[in-house]
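In: What would the 3D arrangement of this be:
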Amino acid sequence: MWRVVLGAALALAAVPRGAAAQNEGALRAAFEGRTVTVRIDMPATSQGVDVYPLDAVPLDVREVAQRLKDNGTALRIGQQAMVTKVVVKKNSHIEFQLGGGGYGTLGDWSGSTVNAVAAGETRAEKALRDSIKATSDRGQRQRMQRELDAQRSARERENARAAAEAQQANAARETLLRAKRVESGSRFNVRFRQGIPPEQLTPEGVMRALARWVDFGAATPAGAPTATPVVKDDATPAATGIAALRKGLLVEQVEALLGPASAVGESREGTLTLVRRTYRRDGMQVVGRFVNDVLIDFAITPR
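Out: You can find the predicted model right below:
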């Protein structure tokens, strides 16, 4: 009797794993490479947005807000993104990755924090200090004290300079990381507390689970909330030129909006090379700073 029950239990336990593997292929075929529109701001991290479709409150808005605050926004409400990967994780959740799946996956560059090492008292300073204690000549002691003070001041200035360079390098690193996070997309994690039900391991099930936060277009399943159509007034064209400028654009994208740079210069911030490009358009001057051809900040002033 126990052998029969144990055999049946093992057989049942094997079914979800096989079904998950089989249905992951169906989910990938249905979604990967397809473009969808998000109905929620998506954080710029591989943590993404957790959705529990079977819970009374399927989305923790405060958790999403905290992730947006900590990591910035990768995708904004109404923005389109390509589905780059769909993965079934064991029997707990489905990853629905958009635009790269979010920053923080294996291989993403994070850089290294620059730490300034403060130099301590030099041997020359110590020798002067000992000589001051040993001499009884007041004039000589005063001269040595002035020399010692000058050496200490020079060392402290060098320590302050090194600390400032480290601070600038870390600020530039954080700016670059923010830009990379924005470019790396985000994801939805469709989670189930008691295992993934078979009906959820279908394209229709995934679309029903995410319908409140993703517009799948014409393929939105029956019974799911439909997206409010975005009506574009022909009299209001898409933003162009300076109005379309934003951080995270590449050099070629900026120059497609503003034209060629009228001036280009370079500077160093720690280990990073910052390229400063100046553009003139529509009576305005735009000065942008780039790291690795990515726009990290810009200023617009009247020309």
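In: Look up phi and psi at Leu27.
Out: Taking degrees, to the nearest 10, you get phi -70, psi -40 for the backbone angles of Leu27.
In: can you count the residues close to it?
Out: Per other C-beta atoms under 10 Å, the neighbour tally for Leu27 reads 21. All C-beta atoms are positioned from the backbone trio N, CA, C, and that covers glycine.
In: residue contacts, it?
Out: Contact partners of Leu27, counting by C-beta atoms under 8 Å, 6 or more residues apart in numbering, are 86, 88, 94, 201-203, 206.
In: Mind doing that once more with 7 Å?
Out: 86, 203, 206 (C-beta atoms under 7 Å, 6 or more residues apart in numbering).
In: just Asn115 next, same as before
Out: Contacts of Asn115 by C-beta under 7 Å, 6+ apart are Ala166.
In: Which members of the contacts of Leu27 occur in helices, if any?
Out: The members of the contacts of Leu27 that map onto helices under DSSP state H are 203, 206.
In: Looking at the contacts of Leu27, which is nearest Leu272?
Out: Proximity of the contacts of Leu27 to Leu272, judged by C-beta to C-beta, is greatest for Val86, which lies at 36.0 Å.
In: Show me the beta-bridge partners of that closest one.
Out: Phe96 (DSSP bridges).
In: I'd assumed Ala29 was in contact with it.
Out: No. Checked against C-beta atoms under 7 Å, the pair Val86 and Ala29 is beyond contact range at 9.3 Å.
In: Who has more neighbours out of those two?
Out: The neighbour count for Val86 versus Ala29, taken as other C-beta under 10 Å, is higher for Val86 (22 against 11).
In: where's that one relative to Asp41, distance?
Out: 21 Å (C-beta to C-beta, to the nearest Å).
In: Could you export the contacts of Leu27 as a markdown table, including distance to Ile77?
Out: Putting the contacts of Leu27 into a markdown table (distance: C-beta to C-beta, whole Å) gives the following:
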| residue | distance to Ile77 |
| --- | --- |
| Val86 | 22 |
| Pro203 | 24 |
| Val206 | 20 |
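In: could you pull out the helices for the chain?
Out: With DSSP H as the criterion, the chain has helices spanning 2-31, 61-71, 123-134, 138-183, 203-210, 251-258.
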